[in-house]
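Engineer: Sequence first, then the predicted structure:
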Amino acid sequence: MTRPIDPYYVQEDDNLDEMAETLKPALQFTDDDLARLSPEAKNLFSGRRHLGLGWLDRYEIVVKVTSSPGGCSCGMREEQKIVFDMRHKVKADLSDAPLCVHLMAPVLSIFYMTFDRAAEGLNPLTCIWRYIECPMTGADEGASKARAQVHIRDAETHAPVTKRMLAERDAP
């Protein structure tokens, strides 16, 4: 059983033993360097420990159009979606929306925030990023621009990730 991490609480006795042989050569650390790591640094390494190396392959970002009043200039329609892998690539076989650079642009900041949060073992997508909209306002002052819901999902099951901690997915 993998124990979920509380990102705001680091156990004082977490010495990262099982990661030491990887961290020392990668960071040119000694045992003393590892022992002197701050609780915040240990927390970041602990988060990566629970995510594992393959986490980028386990999740997808989905942008689903919720409204496009009057039709946007790129042709986005309600219920269409663009699915990205965690390496920023569009999964064409799972996407049915036209590739609109304007609506895709806000997704880049979501990826950056996702990586930062995931590195700490948190659910990478917070409620702050549930919705995005096309930044192109046009002559109608934005009345016809597309708006979309964004969520992260499991790449295998397509179930939305709703747990606060990614490590909870492994808990019984």
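Structural biologist: Good, I have the coordinates. Numbers count the residues shown, from 1 in each chain.
Engineer: I'd like to know how far residue 63 sits from residue 135.
Structural biologist: Residue 63 sits 14 Å away from residue 135, going by Cβ to Cβ, to the nearest Å. Any C-beta I mention is one placed from the backbone N, CA and C, and that applies to glycine too.
Engineer: higher neighbour count, the two?
Structural biologist: residue 63 (27 against 11; other Cβ atoms under 10 Å).
Engineer: just checking, that one touches residue 82?
Structural biologist: Yes - between residue 63 and residue 82 there is a contact under Cβ atoms under 8 Å: 4.6 Å.
Engineer: Between those two, which contacts overlap?
Structural biologist: Taking Cβ atoms under 8 Å, 6 or more residues apart in numbering as the contact rule, residue 63 and residue 82 both touch 97, 103-104.
Engineer: which of those residues has the most neighbours?
Structural biologist: residue 103 (26 neighbours).
Engineer: which residues touch the nearest residue to that one once chain neighbours are set aside?
Structural biologist: When the adjacent residues along the chain are set aside, residue 103 lies closest to residue 134, with 4.8 Å between them (Cβ to Cβ, 6 or more residues apart in numbering). Counting by Cβ under 8 Å, 6+ apart, residue 134 touches 72, 74, 76, 100, 102-103, 145-147.
Engineer: how about 10 Å then?
Structural biologist: By Cβ atoms under 10 Å, 6 or more residues apart in numbering, the residues touching residue 134 are 65, 68, 72-74, 76, 100-106, 142, 144-148.
Engineer: And residue 150, by the same measure?
Structural biologist: Counting by Cβ under 10 Å, 6+ apart, residue 150 touches 61-64, 82, 84, 106-107, 110, 125, 129-132.
Engineer: Pull up the gap between it and residue 56, please.
Structural biologist: 17 Å.
Engineer: picking that back up, list residues touching both of residue 63 and residue 135?
Structural biologist: 103, 106.
Engineer: what comes up buried for the lengthiest helix in the chain?
Structural biologist: Determined from DSSP state H, the single longest helix within the chain is helix 101-118. Within helix 101-118, the residues scored as buried using 16 or more other Cβ atoms under 10 Å are 102-104, 106-107, 110, 114, 117-118.
Engineer: Cheers, nothing more for now.
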